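**Student:** Let me see the structure of the following:
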Amino acid sequence: AEHAAARDQAAVAARDAEAAVESARDALERAQRDDLAATLTATLHDGDDCPVCGQRVDHVPTHEPAATIDHAKADLDEAVAAANRAREAAGRTDRDHASVASNLTAVQAQLDEIQAAITAAGVPSDTAALTAALDDITRRDADVRAARDAEKAARQIAQQARARLDAARRDVDSAWQHFDDARRTVEAMSPPTPPRDDLAAAWAGLIAWADEQRPELRAAAERAKAAADDTRTRWATQRDALDARLATADVRRHDAETPRDAAVRAREQARSHVATLRDRAEEAERLRKDAAAADRAAVVATDLGQHLTAKKFERWLLDRALRRLVAGATLILRDLSNGGYSMVLDDQSGFQVVDHHNADQVRSVRTLSGGETFLASLSLALALSDHVADLASNGAARLESLILDEGFGTLDASTLDVVAAALEELGSRGRMVGVITHVATLAQSMPVRFEVSKAGAVSSIDRVMA
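**Tutor:** The predicted structure follows:
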């Protein structure tokens, strides 16, 4: 009975759907007619001829705004789809009803067989109990079918979910590929490393980095555009300059010829003259080398002639010896003055000192104090003794002794120690150094000294060993 009611209800729904389709078709036709009428009357005026029948229209009728054709078509499509669904539902209901009727027939046949067996066995039949059992079996069978249908639907839903999940994963992989492709285009600019577990965060980070880079890149683009414009301008200028140089070289460029092609053509034309010019250039070079060698020989001969005169040669020797003397005295003076002074010569070969404690100021030796003057004189004396010994030839007399008289009283204690050490080193090299002084500290540092004492009108000399 339930299946029959459902079949009847599905049939009624199918008929209603067919009626809705027909109604939608009528509505579409009305919309098309109304739209055509409204289109025709929109440009029609009283007294015009009708564009359909050709008769004069005394009064143009008015039309209410018609439903749009698109809306009517949409309603028709929806009604057709609903009718199709209703027909499919009615068909399923008919099939279900036929199946149920067939099952009922088979069950009834089985009941008849059971009843016949019960009757033949002489067992009293309980129709009500059997009917209840059959009804229970029917309900359980319906529950089983419903469970199977639910299981089938669940499997379909799970399959669809897996399909959507696979599609979503493919979409995610495609999105990551798109992101990697986008990032690869700016990889040379060192973009930030993206988090591989969050695509949205990766895009957000890349976009934020791009926003930070955009002003600088825009400025770089402007600079590149300006550079390109400047390059084009310079290219045009260079081309004009090349044309000018070609004109200066008496090379004429044809209209369709580039400056390079014109230059190549002129070069090929000039090569025919190169052989002769090369021979002449080689001859000229040989003559120039001969002339240069002759000039150098003449300069050397002239310089030798000037330097070997008695006056200049003697001055050259003295100047060289004096400069060697100053160089040696500078080394000694720097030791004696703790790096405070050096000695140099001015343009007139006069002695000057370089004050290293005063920004290397160069000044005359006359500006030195008494103690500083003594140190400079001692340096010159020591350097002169070494210099004279170096100039002496083998077997000639050598300067073996040096006598220093006074001047030590102007030195402070530390400088006096430095002087004593220098004199002691000079004596260790085979020189005899004599010191005449009344400074007891210096005298006591000498290995051998002669002390002069006076008693009344008589003086005496005592030899004292250190």
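
**Student:** Next, find the distance separating residue 232 from residue 188.
**Tutor:** Per Cβ to Cβ, to the nearest Å, residue 232 is found 26 Å from residue 188. Just so you know, the C-beta spots here come from the backbone N, C-alpha and C atoms, and that holds for glycine as well.

**Student:** more crowded one of the two?
**Tutor:** Higher neighbour count among residue 232 and residue 188: residue 232, with 10 against 7, using other Cβ atoms under 10 Å.

**Student:** Looks to me like the more buried one is in a helix.
**Tutor:** Yes - the assignment for residue 232 is a helix, going by DSSP: H, G, I helix; E, B strand; the rest coil.

**Student:** Can you classify the closest residue to residue 453 other than its chain neighbours by secondary structure?
**Tutor:** Counting by Cβ to Cβ, 6 or more residues apart in numbering, residue 460 is the residue found nearest to residue 453 once chain neighbours are left out, at 5.4 Å. Following three-state DSSP, the label given to residue 460 is strand.

**Student:** What is the neighbour count of residue 179?
**Tutor:** 15.

**Student:** repeat for residue 180
**Tutor:** Quick note: residue 180 (other Cβ under 10 Å) scores 13 neighbours.

**Student:** Could you pull out the helices in the stretch 301-450 of the chain for me?
**Tutor:** Remark: helices assigned in the stretch 301-450 of the chain by DSSP state H, counting those that start in this stretch are 310-336, 370-391, 413-428, 440-444.

**Student:** Kindly reformat those as TSV containing distance to residue 113, mean neighbour count and mean pLDDT.
**Tutor:** Shown next, in TSV, are the helices of the stretch 301-450 of the chain (distance: least, Cβ to Cβ, whole Å; neighbours: other Cβ atoms under 10 Å; pLDDT from 0 to 100):
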stretch	distance to residue 113	mean neighbour count	mean pLDDT
helix 310-336	142	15	82
helix 370-391	151	18	76
helix 413-428	146	15	74
helix 440-444	156	14	80
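
**Student:** With distance to residue 88 as extra columns, can I get the ones you listed in JSON lines?
**Tutor:** Formatted as JSON lines, these follow (distance: least, Cβ to Cβ, whole Å):
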{"stretch": "helix 310-336", "distance to residue 88": "119"}
{"stretch": "helix 370-391", "distance to residue 88": "127"}
{"stretch": "helix 413-428", "distance to residue 88": "124"}
{"stretch": "helix 440-444", "distance to residue 88": "135"}
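
**Student:** Out of those helices, which gets nearest to residue 403?
**Tutor:** Shortest distance between residue 403 and the helices of the stretch 301-450 of the chain, using Cβ to Cβ, is found for helix 370-391: 9.6 Å.

**Student:** what's that closest one packed up against?
**Tutor:** Counting contacts by 3 or more Cβ pairs under 8 Å, 6 or more residues apart in numbering; DSSP states H and E, helix 370-391 packs against helix 310-336, strand 341-345, strand 351-355, strand 401-405, helix 413-428.

**Student:** okay, the ones you listed in CSV with distance to residue 164 next?
**Tutor:** Shown next, in CSV, are the helices and strands packed on helix 370-391 (distance: least, Cβ to Cβ, whole Å):
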stretch, distance to residue 164
helix 310-336, 95
strand 341-345, 95
strand 351-355, 94
strand 401-405, 113
helix 413-428, 99
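
**Student:** now for these, which one comes closest to residue 15?
**Tutor:** Residue 15 lies closest to strand 351-355 among the helices and strands packed on helix 370-391, at 128.0 Å (Cβ to Cβ).

**Student:** What pairs with the closest one, parallel or antiparallel?
**Tutor:** Using DSSP bridges, the strands paired with strand 351-355 are strand 341-345 (antiparallel), strand 361-364 (antiparallel).

**Student:** hey, which of those strands is tucked in deepest?
**Tutor:** strand 341-345 (a mean of 19; mean count of other Cβ atoms under 10 Å).

**Student:** Which residues does it contact?
**Tutor:** 322-323, 326, 329-330, 333-334, 351-356, 362, 365, 372, 375-376, 379-380 (Cβ atoms under 8 Å, 6 or more residues apart in numbering).

**Student:** now the stretch 151-300 of the chain, which segments are flagged as low pLDDT?
**Tutor:** 246, 250, 255-256, 260 (pLDDT under 70).
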